[in-house]
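J.: All I have is the shape, not the residue letters:
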């Protein structure tokens, strides 16, 4: 299942991406462009815009809450999307790939991180580097709490 989130759901889009769901988000997308992309790419529209919901065509879900964790819970419970198989960049939705050699990221991460971590991921879209530090562990614990899925996403 692929999603496209309207301009009011940026935080939900980031959480879905962290779980590995292919989720597009644009802060300034028009309703027409949102609908066109959803139809062209067979994406489920996630929206908080009741006016858009009334005139929509295609697969569209109204997100009830303003709270991103309640929004995520609604998506997981109501839509029951299949567990995704790829890790995704929280910023751009690009697919993350393992960095083959630690030395490749020496100039891209803080020295402490480089010295204390051996496994890194790089976004194929924007080039961001990710590692499993304390912030990652907190995110995964929160995702597990919300989804009931250990690790928060599929691999």
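T.: Nice, thanks for sending it over. What you are looking at is a predicted structure, and each value in this text was computed from that prediction instead of being measured. Residues are numbered from 1 along each chain as shown.
J.: Tell me which helix or strand residue 38 sits in.
T.: helix 31-41 (DSSP states H and E).
J.: now that helix: how far from the chain's centre is it?
T.: 18 Å (C-alpha atoms, centre = their mean, to the nearest Å).
J.: Mind checking the pLDDT average for that helix?
T.: The pLDDT scores in helix 31-41 average 93.
J.: tell me which strands and helices it is in contact with?
T.: In terms of contact count using 3 or more C-beta pairs under 8 Å, 6 or more residues apart in numbering; DSSP states H and E, helix 31-41 is assigned the packing partners strand 3-5, strand 44-47. Where you see a C-beta, it was placed from the backbone N, CA and C, and this is true even at glycine.
J.: Could you report the separation of the most centrally placed residue in the chain from residue 48?
T.: Using C-alpha atoms, centre = their mean, the residue of the chain that lies closest to the mean C-alpha position is residue 17, 1.2 Å off. In this view, residue 17 and residue 48 are 18 Å apart by C-beta to C-beta, to the nearest Å.
J.: Tell me where the model's unsure across the protein.
T.: The chain contains residues with pLDDT under 70 at 56-57, 147, 149-155.
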